[in-house]
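*Asks:* For reference, the sequence and a predicted model appear below.
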Amino acid sequence: MASLNVGNLGEYLREQRRNAQLSLRQLADAAGVSNPYLSQIERGLRKPSAEVLQQVAKALRISAETLYVRAGILDAERDRDEVETRAVILADPSLNERQKQVLLQIYESFRKENGFGVGEPAAAEEAGDPAQDRDLDSGAADGHGADADPRRTAG
């Protein structure tokens, strides 16, 4: 099997795993992926999805954005403000995972509305269907999203 253009990612992951003093099996278990799959990523034989990279980053306690850049999902020259904004949202301990994802989807929809992120595969993949974004729950079930949609404030 030919090596993909993700060798840099694999080498970086191996280095981070060793620095964290984790075996391949320990990291695979912590990230929720199979041992053989993680081994193939480290050897540059597989290109992982953004979701898998996020799980691996969380298990290694490193920035997912760093892995996205090394995997070619994010362009290294891409707007640094956007990357930093996303990193701050993902690192906020006061938000649960669902809230972080909703906030990232809203952020991405605003960027698209303002002409940024259009035609970028990573942005389109993470943002999902724009029609679906308009119907997001936005946390209304827990009482925090009532102001997000004026149709819901009529009472």
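*Replies:* Right, received. Where do you want to start?
*Asks:* Rounded mean pLDDT for the host helix or strand of Val69, please.
*Replies:* If you go by DSSP states H and E, Val69 is part of helix 64-71. Helix 64-71 carries an average pLDDT of 86.
*Asks:* The helix or strand following that helix to helix 64-71, inter-axis angle?
*Replies:* Using DSSP H and E, the helix or strand that follows helix 64-71 towards the C-terminus is helix 80-91. If you take axes from the mean of the first three to the mean of the last three Cα atoms, to 10 degrees, helix 80-91 sits at 130 degrees to helix 64-71.
*Asks:* Give me the helices and strands touching the longest helix seen in the chain, please.
*Replies:* Taking DSSP state H as the criterion, the chain has its longest helix at helix 97-113. In terms of contacts (3 or more Cβ pairs under 8 Å, 6 or more residues apart in numbering; DSSP states H and E), helix 97-113 is packed against helix 80-91, helix 121-127, helix 130-134. C-beta: built from backbone N, CA, C; applies to glycine.
*Asks:* Go again with 6 Å.
*Replies:* Secondary-structure packing of helix 97-113 (3 or more Cβ pairs under 6 Å, 6 or more residues apart in numbering; DSSP states H and E): helix 80-91.
*Asks:* So what touches the helix it packs on?
*Replies:* Ser63, Glu65, Lys100, Leu103, Leu104 (Cβ atoms under 6 Å, 6 or more residues apart in numbering).
*Asks:* Okay, now the unreliable bits of the chain?
*Replies:* Residues of the chain meeting the criterion pLDDT under 70: 1-7, 76-79, 117-155.
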